[in-house]
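Enquirer: pasting the sequence and the predicted coordinates here, then a few questions.
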Amino acid sequence: MVLDNYLTEDFFDEMFNDGRLVRPHYKRVLDRMQSLDTEEYHRRQTAVDLSFMRSGVTFTVYNDNEGTERIFPFDLMPRVIPADEWAIVEKGLIQRITALNLFLHDLYHEQKILKDRIIPPHYINGAKHFRREFMGCNVAKDIYVHICGTDLIRGRDGGYLVLEDNLRCPSGASYMLENRTALKRAFPNLYQSANVHPVDDYPNQLRNVLQFVAPDNLGSDDGPNVVLLTPGVYNSAYFEHAFLARQMGIPIVEGRDLVVRDAKVYMRTTAGLMPVDVIYRRIDDDFLDPSVFRPDSLLGVPGLIHACRSGNVTLANAVGTGIADDKVIYYFVPKIIKYYLGEDPILPNVETYLASEPSDRAFILDNLAKLVVKSANEAGGYGMLMGPWASSEEIETFRKNIIADPRNFIAQPPISLSRHPTWCGEDFEGRHVDLRPYILYGDKISVTPGGLTRVALRKGSLVVNSSQGGGSKDTWVLRDNG
Amino acid sequence: MSAPLPANSHATRRSSEAMLSRVANSLYWMSRYIERAENIARLLDVNLQLMLDFVNLDDQQLKEHWLPILRSAGDEELFFKHHDQANSTTVTEFMTFSEENPNSVLSCIFSARENARQVRDQISGEMFETLNEAYLFLKSKNARAVWNSGAHEFYEQIKKYSHLFQGLTDATFSRVDGYEFIQFGKFLERADKTSRILDIKYHILLPSVFDVGGAVDAAQWQALLRSASAMEAYRRFHPADVTPAKVAEFLILSDTFPRSIRYCVNRVDHYHHLLAETQSDEYYSQEGEDFGKLVADLRTLTIKQILSSGLHEFMQRVQSDLDHIDDFIYQTFMYHPPIDLEAEIRLHQQEMQQQQKKSA
């Protein structure tokens, strides 16, 4: 199998440089792939797909009728990152999460950053995910963001940029782990010779983080009792919830399994009520506690917020972290880093315009057809306008929405994401990719060497979200530079 | 002889081994449903084959054959909501593929898999994969094709999934509470199904078990044995003849055959004691005492006594005592009254207000 016809076109390609020469850290992978014929490659790909289906490595698509389970398409050609490049990424991510955590602490306490006018206060007060109820409240070990999945992209010059921070319930770590398992099976020798950092320690590290942030007063002597809270089996990420709970050896619970008495959380077991100390929650703030947030939500636990504020239970991530993945706050992150750490950001942001700033707004409205517009609090590729590809009708709808509620929108120039050779049925073609590394914050901050590379399978598409027809790749961080 | 069970494993249960009541419930139903799918598959397989020996049956005869089988599954009423006639095609279709019938093979496999999905963090990957494969098989168009080209192969496949699942459970699941719920569900379902299979004869022939005979009758009793996977086991004890009393005795009172009512009821009793943390012969509930009486009766009664007081009546008692002990375990371990959300919300809002007043 050859990649002789492969075209990098006018994009940064992960595997080939401008002269269409293979980058050194991809040489082993390319040699191995070229030693296979098309049929052989196809056979291995099919075997992996089947094994995912059989073992139920799936996600649920809602807008289909009655929620169909699908496998997350997996492309066998791995994405490779050399050691020196990763060192920068890692450093940049640690810097970023450190600053964001200080920011969250400050926001829920003195609010110095607002008083010093680094961020105009109205951006916080008008934010959907700011939780006034937690002002002055202390969280265990002062950690707000225990698990973070920050999306990185590479622009035309190959430099890494932060696209967004996911500080609420970032998902995808299970696919990172399953992809690695699949790839090791498909290419055992190649993997072994490539000197790749393992990722399998992630569940262990996650459990350590969760145990580390347990409250001082534990509910029982043999604690801390850690659980994972899921919305249930119909949630699109249910596979991941069950997978991580099993890997960590902790119970997976639904809201109806928990009950709060005297500001303490218990789960309902065959031996009666058992205390719970730490909850890795995979439910958004709004649904956590119907006695505080949405009263119509059946997913949560009445009294949970009270228990949390009383310091009897730790939630990971802490309630209110969503303010920091508001896309408007994203705009301020470089300033946040500078303010708290006195450093320049190692990983820059994508150039961003705020619709609520009059001059930016005028620019946005004049250039809608050239920009990507995003709602401040949507995720999963929803609520987006891709100006250059949008119909004039869509553009006009967004124009109205922006004028009506400017706080809710930001705009960015479209970035031509880097591309990666990807199997497209008969041959390899370049497809756009991003990267979601996972950062854990416990007694120290660690970045799992790897992450989830998502790939836009549709030709020309820039949208990599699984809910929008994206796939994924195994991500190799090398111990050397290849 | 199997290895002795740890005498007081119930006494060593610690709170750290306790599991969510919801999980216990799902493990239990997962186990029951896969066992049920297997039993229905066997029942249909055997009876379809039995039909091959009868030629030129009219509508009435077909109905007389299939109706008791429907009745034994407890689905007669639902069936006639969807079908006018009970014959090989309609009954088999209804009991195999119907999604409206919660006890069809397909529904049982789907439910077993759905329950497994709810607790997939608790069971081994192998266990989930087996049920998932069964689910994918039934969901694929291939399932119909396999059935059309030979019902026997199809039902064999279903039985294999069940056997594989039971074997994997034995080989990969720790002997903690969850295992006890799984076994409790399995043997309860099995005891119930064996009693229903025996009841089929009652529905066909009414109580006069002693004075029947002839080729058709013998074929039917053999079919009963096969429906309980008991033909070979039976032959080891009674090589020569298949008589109603001996078949009934074997299926009710065998000590060693793992599908006999006595064997299954003993296992249900064993797991009931483990779960309730009681000594054998010690019962703390009315349901338990009734059940204990059944266990004792199965130890002492002869087949003659059972038959003369009525096979059907005895089977009904078995089913009813099983139901009650099942309900007891459910109420005690798996059921928590659903949370009254509105009351909970009020309670916690009041608590928070009081606290705010105090701190103000």
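Expert: Noted; the coordinates are in hand.
Enquirer: rest of the way, CA atoms for contacts and neighbours
Expert: OK.
Enquirer: now residue B:143. Nearest residue, chain neighbours left out?
Expert: residue B:137 (6.0 Å; Cα to Cα, 6 or more residues apart in numbering or on different chains).
Enquirer: for the one you found, helix, strand, or coil?
Expert: Here residue B:137 is recorded as helix under DSSP: H, G, I helix; E, B strand; the rest coil.
Enquirer: can you check residue A:165 too?
Expert: With three-state DSSP as the basis, residue A:165 sits in strand.
Enquirer: the residue nearest to residue B:143 reaches residue B:146, doesn't it?
Expert: No: counting by Cα atoms under 8 Å, residue B:137 does not reach residue B:146; the two are 10.0 Å apart.
Enquirer: about what we covered before: could you measure from the residue nearest to residue B:143 over to chain A?
Expert: 10 Å (Cα to the nearest Cα, to the nearest Å).
Enquirer: what about that residue, neighbour count?
Expert: For residue B:137, the neighbour count with other Cα atoms under 10 Å in any protein chain shown is 16.
Enquirer: tell me how far it lies from residue A:188.
Expert: 30 Å (Cα to Cα, to the nearest Å).
Enquirer: before we move on, what about residue B:58?
Expert: The value you get for residue B:58 to residue A:188, if Cα to Cα is used, is 63 Å.
Enquirer: go on, residue A:324?
Expert: For residue A:324, the distance to residue A:188 equals 41 Å [Cα to Cα].
Enquirer: and what of residue B:166?
Expert: 32 Å.
Enquirer: higher neighbour count, the two?
Expert: residue B:166 (18 against 12).
Enquirer: how is the more buried one assigned, secondary-structure-wise?
Expert: helix.
Enquirer: and what of residue A:429?
Expert: strand.
Enquirer: what pLDDT is listed against it?
Expert: As predicted, residue A:429 sits at a pLDDT of 93.
Enquirer: surely residue B:262 meets residue B:298?
Expert: Yes: counting by Cα under 8 Å, residue B:262 does reach residue B:298; the two are 6.0 Å apart.
Enquirer: any shared contact partners between the two?
Expert: residue B:253 (Cα atoms under 8 Å, 6 or more residues apart in numbering or on different chains).
Enquirer: the two: which is more packed in?
Expert: residue B:262 (25 against 22).
Enquirer: quick check: bridge partners of the closest residue to chain B within the stretch 251-400 of chain A?
Expert: Closest approach between the stretch 251-400 of chain A and chain B, counting by Cα to the nearest Cα: residue A:269, at 3.9 Å. Beta-bridge pairing of residue A:269 under DSSP bridges involves residue A:272, residue B:20.
Enquirer: dump the residue contacts of it.
Expert: By Cα under 8 Å, 6+ apart, the neighbours of residue A:269 are B:18-22, B:333.
Enquirer: what does the pLDDT read for residue B:221?
Expert: Taking residue B:221 on its own, its pLDDT is 84.
Enquirer: spell out which parts of the stretch 1-150 of chain B neighbour chain A.
Expert: Residues of the stretch 1-150 of chain B lying close to chain A by Cα under 8 Å from any Cα of the partner chain are B:15-16, B:18-22, B:24, B:117-122, B:125, B:128-129, B:132-133, B:136.
Enquirer: show me where the stretch 1-150 of chain A has its strands.
Expert: Counting by DSSP state E, counting those that start in this stretch, the stretch 1-150 of chain A has strands at residues A:58-61, A:68-71, A:74-81, A:147-154.
Enquirer: mind listing the strands the third one pairs with, and their directions?
Expert: Strand partners for strand A:74-81, identified by DSSP bridges, are recorded as strand A:470-477 (parallel).
Enquirer: ditto for the second one
Expert: Note on strand A:68-71: by DSSP bridges, its sheet partners are strand A:58-61 (antiparallel).
Enquirer: name the residues that touch the partner strand?
Expert: Against strand A:58-61 from outside (Cα under 8 Å, 6+ apart): A:52, A:67-72, A:234-239, A:467.
Enquirer: with stretch A:132-147 instead?
Expert: A:97, A:101, A:104-105, A:107-109, A:167, A:169-170, A:209-210, A:213-215, A:309, A:311, A:314, A:316-321, A:438-442.
Enquirer: lovely, talk soon.
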